[in-house]
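In: A structural model of the following input is requested.
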Amino acid sequence: MPQKTHPREAAPALVRPGVLRTSIRAEPLTCTIGAELFGVNLGDAARDDDLFAEFRELLLKHKVLFLRDQDITRAEHIALASRFGPLEDHPVAGSDPTHPGLVRIYKDLDSKPEHYENAHHCDATWRECPPMGAVLRCVETPDVGGDTVWVNMAEAYRRLPEHIRTQIAGLRARHSIEASFGAVMPMDQRHRLKDRYPDAEHPVVRTHPETGEQILFVNAFTTHFVNFHTPENVRFGQDHAPGASNLLNYLISQAAVPEYQVRWRWQPNSFAIWDNRSTQHYAVQDYWPAVRKMERAGIVGDRTF
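Out: A predicted model of the protein is given here:
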C-alpha cells in the first residue's frame, strides 16, 4: 500500500529561489515559516540591487525574515522598506516627525490601555489595498516578554478540511477600522474615521500576486461575510446567524494553531521583515510595567484578488 502523504508535504513548491549570489545565510526557525538571516547588513541591502533581489527572494520563500544587531539609521530603515514600494502612514498610530512613514509603536506607563496588537491580525486589511508588508525594528524591549508571533496563512488554508475549502470558495468579507481602532472613540469621531476609511471588502481566500499561493485572509479586522446568505448556504435562519459567524470564527481561529507559527524574541536593533499578504502576527502584551518601543515602516500593497 502506498504511504500516505502529509498535506503539507503534498503542497506545491510555488516559490523556487535561484542560486544564492551573496553571503547571506538563512536558517529556518520552524518547518513552516520564518528564517533568521546572517551575514547581511540591512543598510547594504537598501543600496545594493543584487543583494536586495536575493533579500526579496528569501522573503517570498520564508514569509518573515529576522535579523539581529542591525545598527542602521532611521533613514536606512526607510530606504530598505522603500525598495519594496511606497510607504504608508497610519491614521491612528503616530509617526516619527522627521521620518514620514516610520510609525512609532511605543508602549510605556503613559500609554493608553487599548489593545490592538495582541490579536492575530494582518496589518490594515481595512484598507482597500492592504499593505504588502512591513519592516519592523526593536528600539527598546523588556528583559523578558514582548515577543511577536507570525503565522503562515497559506499553510493554514492548505490544511483546512476539504469541505471547508469548498464552502469558502468565492466568499467575501468586510474588514473595518471603525470596529477596531474606532471602537474606543466617541461616536462622532468614530463615524468620521469610517467616512475617511470605509469598510473594505476582500476575498476570504486571496491569491498571492507573486507566488500564486492561496491564502486564508480573515483576521481580527474582519466583521462578517457579505455574500453568505444564499440558497446554497442557508436553509433556515440559524444557518445564517449564528451559522455564518461560527464559520468566520472558526476560520479566524486557524491563526492560533502552533504548527503554522514562529515566535521571535526581540533585542534592541533586531528586525523583522514580513509579507503581510500571506501572514498574520500577534504582539504578546505580557510585559507591563516594562517599556517596549518599536518602529515600523509599512509598504503600500495592491488590491486583493
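In: which residues sit in contact with the nearest residue to G34 once chain neighbours are set aside?
Out: For G34, the nearest residue in space outside its immediate sequence neighbours is V262; the separation is 3.4 Å by Cβ to Cβ, 6 or more residues apart in numbering. (C-beta placed from N, C-alpha, C; glycine too.) With contacts defined as Cβ atoms under 8 Å, 6 or more residues apart in numbering, V262 is in contact with 29-30, 32-34, 64, 149-150.
In: do the same with M153
Out: If a contact means Cβ under 8 Å, 6+ apart, then M153 has 122, 215-217, 254-255, 260, 278-280 as its contacts.
In: narrow those to those in strands?
Out: When strands are assigned by DSSP state E, the members of the contacts of M153 inside them are 215-216, 279-280.
In: for those, which one is nearest R190?
Out: Proximity of those to R190, judged by Cβ to Cβ, is greatest for Q280, which lies at 24.6 Å.
In: buried stuff in stretch 294-305?
Out: 294-301, 304 (16 or more other Cβ atoms under 10 Å).
In: equivalent analysis for stretch 99-107, please.
Out: Buried residues in stretch 99-107, defined by neighbour count with 16+ other Cβ under 10 Å: 99, 101-107.
In: so can I have a markdown table of the residues you listed showing pLDDT?
Out: As requested, the buried residues of stretch 99-107 are exported to a markdown table (pLDDT from 0 to 100):
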| residue | pLDDT |
| --- | --- |
| H99 | 87 |
| G101 | 88 |
| L102 | 94 |
| V103 | 93 |
| R104 | 92 |
| I105 | 92 |
| Y106 | 91 |
| K107 | 90 |
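In: of those residues, which pair is most distant in space?
Out: The distance between the two most remote of the buried residues of stretch 99-107 (Cβ to Cβ) is 20.3 Å, for G101 and K107.
In: what about the strands in the stretch 201-305 of the chain?
Out: Under the criterion DSSP state E, counting those that start in this stretch, strands of the stretch 201-305 of the chain are mapped to 205-207, 214-216, 222-225, 261-264, 271-275, 279-283, 292-299.
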